[in-house]
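> Sequence and predicted structure, then a few things I'm wondering about:
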Amino acid sequence: MSEQSNFGPDLGEVFGPNHADGGPELVQLLTPEGERVEHPEFSFDLGDEAIKGFYRDMVLTRRIDTEATALQRHGELGIWAQLLGQEAAQIGSGRALRTQDFVFPTYREHGVAWCRDIDPLRLLGLFRGVDQGGWDPDDGNFGLYTIVIGAQTLHATGYAMGLQRDGVVGTGDQDRDAAVVAYFGDGASSQGDVNEAFIFAASYNAPVVFFCQNNQWAISEPIERQTRIPLYQRALGFGFPGVRVDGNDVLATYAVSQAALQRAREGQGPTLVEAYTYRMGAHTTTDDPTRYRLSEDLETWKLKDPIQRVKAYLTRNGLVDQAFFDEIETEAERLGEHLREGCRALPEPRVLDIFDYVYAEDTPELAEQKAGFAAYLDSFETTGAH
Amino acid sequence: MSEQSNFGPDLGEVFGPNHADGGPELVQLLTPEGERVEHPEFSFDLGDEAIKGFYRDMVLTRRIDTEATALQRHGELGIWAQLLGQEAAQIGSGRALRTQDFVFPTYREHGVAWCRDIDPLRLLGLFRGVDQGGWDPDDGNFGLYTIVIGAQTLHATGYAMGLQRDGVVGTGDQDRDAAVVAYFGDGASSQGDVNEAFIFAASYNAPVVFFCQNNQWAISEPIERQTRIPLYQRALGFGFPGVRVDGNDVLATYAVSQAALQRAREGQGPTLVEAYTYRMGAHTTTDDPTRYRLSEDLETWKLKDPIQRVKAYLTRNGLVDQAFFDEIETEAERLGEHLREGCRALPEPRVLDIFDYVYAEDTPELAEQKAGFAAYLDSFETTGAH
Amino acid sequence: MAKITLAKGLNAGIRKAMENDPKVLVMGEDVGKLGGVFRITDGLQKDFGEDRVIDSPLAESGILGTAVGMAMRGYRPVCEIQFDGFVYPAYDQIVSQVAKIHFRSQGKVTMPIVVRIPFGGGIGAVEHHSESPEAQFAHTPGLKVVACSNPVDGYWMIQQAIACDDPVIFLEPKRQYHADKAELDESTTPQPLFTSRVVREGSDLTLLAYGPMVKTAMASAEAAATEGKSIEVIDLRTLSPLDLAPVFASVRKTGRAVVAHEAHVNLGMGAEVASRITEACFYSLESPVLRVGGFDTPYPPSRIEEQWLPDLDRVLDAVDRSLAF
Amino acid sequence: MAKITLAKGLNAGIRKAMENDPKVLVMGEDVGKLGGVFRITDGLQKDFGEDRVIDSPLAESGILGTAVGMAMRGYRPVCEIQFDGFVYPAYDQIVSQVAKIHFRSQGKVTMPIVVRIPFGGGIGAVEHHSESPEAQFAHTPGLKVVACSNPVDGYWMIQQAIACDDPVIFLEPKRQYHADKAELDESTTPQPLFTSRVVREGSDLTLLAYGPMVKTAMASAEAAATEGKSIEVIDLRTLSPLDLAPVFASVRKTGRAVVAHEAHVNLGMGAEVASRITEACFYSLESPVLRVGGFDTPYPPSRIEEQWLPDLDRVLDAVDRSLAF
Ligand SMILES: Cc1ncc(C[n+]2csc(CCOP(=O)(O)OP(=O)(O)O)c2C)c(N)n1
Ligand SMILES: Cc1ncc(C[n+]2csc(CCOP(=O)(O)OP(=O)(O)O)c2C)c(N)n1
Ligand SMILES: [Mg+2]
Ligand SMILES: [Mg+2]
């Protein structure tokens, strides 16, 4: 029996044999070779200092990722969701945020967390199994990681509807007008919840940017299983704009995100941004991508590395010297140390505490259950029973 | 406080103050005045005999509806979902079906049921409360009415995937190649399930026609709450064609449905057909539309009555004489009688029977529960206990 | 003092909550102009505007999912699910998000969401309109679940639920909406939300019910009284947490208990209540706790629903079996 | 005779079913090339093709909803839900469609769908990956629910579930997938699917478990034996319908029972089992049926999951409390 389906279009044909270039729709402002290019609609309006900052952000984000991966290998984390290759998508969009904007991440937005000043150590808790999200969403306006695929896109839409009711949309006050970003993956685009989020956002014209990192894979399933047209076009069916940006180009991602956020803040409603990128690592540290994808693809994408192209731009134009890189390297080392030491020192959860987290208003029932368990645990200490 | 929302586009503006004409995209082949018009893409390829048949179908379908409504008023039905105004959408699409095609209806497709030779009496069972669907889906290839909004669109897609596996798609054999139609409403288009059905159908190129009767209302909510662009364009976001047809024009509905079904049977995948129509009655017999909509709208739509325009065409062109109408009237009378008498005679369900319908393979547990209940019921007959 | 129906009590209660707290929002299908298919939100959109009484697109997951986001922004959404059987598309958002976010965030984020569900049968409706989904929610930690049984409770309980900082599944016995009226005295202090209540005293057997079955239970107790049987009836009111102290006290007195609900008996609330009574009152029990409820079949066509639903006779049958045990 | 793990037993069982009946299809996320995240469908797509082993878009409602349509077309879909916590987006299709279509059609349409769910905790995973959703499905008439506990049962039970004309929720204890091996003798006749089984005889107390807790129950019985307590262990195997005749026989002999599961105790399977035992064996019981299970909190972060999960000590504690009652 053949492994090839008898039905359906040849998906290779739909997208062409190698669609790693994202097609003509792709918004790009910095080529893989590090050359800046113009785009008729979007432009990067910050200077080279900002680009240096992005470079630093991306290098440090990647360091978080590699450190965490190493920590998982050493048994310090149960699992880790790598962002390798998606640094530009995350830093570009993360840096386009204003303080008052609010972010709803998936489980992979370590770079966005970085932009929101979340101590990367806090990200490790979930993966180490000491908590299920160790930060306060209201510090840094960064929601907790959400694991049920797509659920957070509705939360984002609801939050955006809240912003409307709070009168902080379309007032013209730049420090006040706010927007929401919902991050999600290409696979997530198939969930009912994500499509319902599009519908609610369109219906209420909610100030939300749907930021899809199309990293080409949902675990082992290629993007072609989820859509047969470029994903950004999904938005057209719902009546709001969609745009495909080179997710490995931090300048373009910044520019497009900034434009989409500004639309939202001004009260012009939702936008879908498809950041076209590639998951260079495994789905998570427990995944084995050799079972389902070719290593050639990975090689193609390595040539488009989001960090390398900024480095090329900076050096080629003589914008930085070796000290610049050395400094970042030192910073990265310190960050690595912080993570390694901090991870092992993360406080262990205490089983009796969890009874207090179930409800805001305690119940006698659960209090009794907690007391019973406490007594049971005590019995070991006092009698060493069993 | 104002009743008008402060946010979001003025939806009236999006659609124009009176969008009862469906806009320029609308495929129409017979005007409300009964004149035939050409369309560049779709044409009606049957003769006047077929049109006479459609006329008869629509009149009889409307009679089913009015009889059932009357039966509800007389307490013979608990509720009835009226199709008034949607006859052309249902007869046009229903008559485009081939025997081997399969239909997944909502709860309002009485006209399609008619085309599938389902005795209309069988439709009453659900609304009378004697059963939950009194026909065998495999007789007439017509699924049971589905009440959970949108659920059936996924069933239709799965069934279509089954057709692919059975090798009855795209073989070129007209009597064999089959397609599936999923009926749903404008409100249903907001459900996750419907959007997931689009995704699965696109992904597998399944032979399914998504037939949306946009009757402008989901109970009290206008179409503008569900979408801010014409609904047929939803399909564009998923990568398959969408078309808006005048749902009050039986010729156009037939032609468009026929084309969409043929695409599906040939293996070219899904199509979304939006039949642009109007719910002239209440949502159901328990609804009171005066609470939420203007009677003027109804008046506008009365001028577009799907039956009147065919009558105008037939008489104006001298295609029928009075005997034609008299005959149909006699037939309608007989049908009415059939429903009135048959409804009262519908066998009452027996409570002990239902235990046998839960599983295909009985369980001792339920058998015991049934026996216990039977003994309990017996105790009344023998002792008159309590 | 006015005489009100349950529908009016709920309507007035929601209105009160909206007046008292501008963060309270109403969301759902047809809750605006129409005032809901049962008219529970009648007039609210007119008085509080479209931004506080929100007609939503037809998508229950969307309603609950956006409610989560609004709650995170400081609002207190009161979501209407049109009929019990339509809560399931929102099930994932309810059990994996609404119920867990407070826990996930170690108490940093609260979820003051009320999910109003008209529940139960007996109104002659078609499929999916007569379900009793309470056990599934009561099994889910992080949710609180209550059921009102009369107009006055409806008025107070909905306000208390809206004021609660935890998510509350609020079950309304739809066949009582427009049935009996009761006097509402607004000057009284309401009983706390998460408590049960002895609604009739008795000494021979404890009969437990909630929501629509309370009326049946009371009628059963009355009928039993004519045969000289003294039945204590308790309206459970809160299903999660359960408030069983009054129940245990009662059973210790009567020695016998029957639990009645419309939901399927298998894994229904009765199973939990019976198990806890047995654990707590083992030596007081003179017979096993018996359960009366819907059969373990899907809800039947409406012409036989009255036979399917536990009624006075079925309750009395269980009472007799318990007493004769 | 080969020694196999549970994962291999399930894989071999599905393969057998696919060989025997061309209508059997496998559907789910990553079930194809990857062979599922637990490799239960390893190699099946290679051998049976993409049309019989279907990688689906990432949408659980879509998986179950399309499975319904395929079942109507005569197929027998075996759907994999990647982890227990991800079954909820499909909950509506399962409880309102899969469970009810046979009933709705008065038996005309069958729904031979198997929903495979890796369930339970203990694998050090993040949130939503360690749930025990069985009670919610067992409460739903129209579904059958089974849980396997060992490789040999896995091999036979999955084949029997696929052969069953009713929808079966098939629960697989994920932490056992790659744990213990057992001898598979294909020449033996398997026990019928919807039956429980005494897995260890004893006279002092009846210990009931299913899925992952069977191993814990056996270890507990062994430990108790060293203290001179004789415990009978029953693997329930089928949760809906329940097969309690062997349980009642056992309890009539021992006079005591403990039910153990990972699911939350409140409204868990234990509630139903305890209620039925009490109803059936009232005069044989020397103590109330006790329940051990997950606490009524959401599943905790994995570093404390072993404390949260009922373990040998907690089971023995319940045993002791029962014996001392
Ligand atoms: C509802 C649900 N189903 C299944 C899963 C298991 N799962 C975790 S990640 C993943 C793939 C997600 O793909 P994508 O949306 O593209 O995001 P990416 O991982 O590529 O960032 C799956 C299937 C889940 N977390 N939630
Ligand atoms: C999941 C679900 N939610 C709510 C309902 C209640 N309900 C029945 S019909 C209806 C409106 C449907 O509107 P539409 O899809 O436009 O179909 P129409 O009735 O206009 O034919 C609603 C909300 C339902 N049946 N199912
Ligand atoms: Mg992806
Ligand atoms: Mg409609």
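Yep, it's here. Numbering: from 1, shown residues only, chains lettered A, B, ... in the order given. Ligands and ions are numbered 1, 2, ... in the order given.

> Just the closest residue of the stretch 51-200 of chain A to ligand 1, please.
When distances are taken as CB to the nearest ligand atom, the stretch 51-200 of chain A reaches nearest to ligand 1 at A:Gly185, 2.3 Å away. In short, each C-beta sits where N, CA and C put it, glycine included.

> burial of the nearest residue to A:Ala206 once chain neighbours are set aside, as a residue count?
Nearest non-adjacent residue to A:Ala206, counting by CB to CB, 6 or more residues apart in numbering or on different chains: A:Ala160, 3.9 Å away. A total of 34 residues lie near A:Ala160 under the criterion other CB atoms under 10 Å in any protein chain shown.

> which ones are touching the spatially most central residue of chain A?
By CA atoms, centre = their mean, the mean C-alpha position of chain A lies nearest to A:Glu109, the distance being 2.8 Å. Neighbour list for A:Glu109: A:83, A:90, A:103, A:145, A:183 [criterion: CB atoms under 8 Å, 6 or more residues apart in numbering or on different chains].

> Out of those, which end up buried?
A:83, A:90, A:103, A:145, A:183 (16 or more other CB atoms under 10 Å in any protein chain shown).

> quick one on the thing from earlier: pretty sure the residue of the stretch 51-200 of chain A closest to ligand 1 is touching A:Gln213, no?
Yes: contact criterion CB atoms under 8 Å: A:Gly185 and A:Gln213 qualify, at 6.0 Å.

> Could you pull out the residues contacting both of those two?
Counting by CB under 8 Å, 6+ apart, the residues touching both A:Gly185 and A:Gln213 are A:Arg108.

> Pick out whichever of the buried ones among the contacts of A:Glu109 sits closest to B:Arg228.
A:Tyr183 (24.1 Å; CB to CB).

> Make sure I have this right: the closest one is in a helix.
No: the assignment for A:Tyr183, made by DSSP: H, G, I helix; E, B strand; the rest coil, is strand rather than a helix.

> Identify the residues contacting it.
A:Tyr183 touches A:103-106, A:109, A:112, A:152, A:211-213, counting by CB under 8 Å, 6+ apart.

> could you dump those residues to a markdown table with pLDDT, distance to ligand 3 and secondary structure?
Shown next, in a markdown table, are those (pLDDT from 0 to 100; distance: CB to the ion, whole Å; DSSP: H, G, I helix; E, B strand; the rest coil):
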| residue | pLDDT | distance to ligand 3 | secondary structure |
| --- | --- | --- | --- |
| A:Val103 | 98 | 18 | strand |
| A:Phe104 | 98 | 17 | strand |
| A:Pro105 | 98 | 14 | coil |
| A:Thr106 | 98 | 9 | coil |
| A:Glu109 | 98 | 13 | coil |
| A:Val112 | 98 | 16 | helix |
| A:Gln152 | 98 | 15 | helix |
| A:Phe211 | 98 | 13 | strand |
| A:Cys212 | 98 | 9 | strand |
| A:Gln213 | 98 | 7 | strand |
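
> Now for those: which two are most distant?
Going by CB to CB, the pair spanning the contacts of A:Tyr183 furthest: A:Val103 and A:Cys212, at 14.3 Å.

> By average pLDDT, which secondary structure element in chain C comes out worst?
Ranked by mean pLDDT, DSSP states H and E, the weakest helix or strand in chain C is strand C:2-4, scoring a mean of 92.

> Need the contact partners of that one.
C:12, C:151-152, C:155, C:181-184.

> Determine the next helix or strand in the C-terminal direction from that strand.
helix C:6-20 (DSSP states H and E).

> Could you give me the buried positions within that following helix?
For helix C:6-20, by 16+ other CB under 10 Å, it's C:6-18.

> repeat for stretch C:191-206
Buried residues in stretch C:191-206 (16+ other CB under 10 Å): C:193-194, C:196-197, C:199-200, C:202, C:204-206.

> May I ask which two of these are separated the most?
C:Leu193 and C:Asp204 (30.1 Å).

> what's the domain layout of the chain?
In the absence of a named chain, this looks at chain A. A:11-345, A:351-385 (automatic domain parsing).

> wait, I meant chain C there
According to automatic domain parsing, the domains of chain C span C:3-183, C:197-324.

> Let me know which of the ones you listed is tucked in deepest.
Mean neighbour count (mean count of other CB atoms under 10 Å in any protein chain shown) peaks for domain C:3-183 among these, with a mean of 24.

> re the thing from before, save the contacts of A:Glu109 as TSV, and put in distance to ligand 1 too.
Formatted as TSV, the contacts of A:Glu109 follow (distance: CB to the nearest ligand atom, whole Å):
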residue	distance to ligand 1
A:Leu83	8
A:Gln90	11
A:Val103	15
A:Tyr145	11
A:Tyr183	9
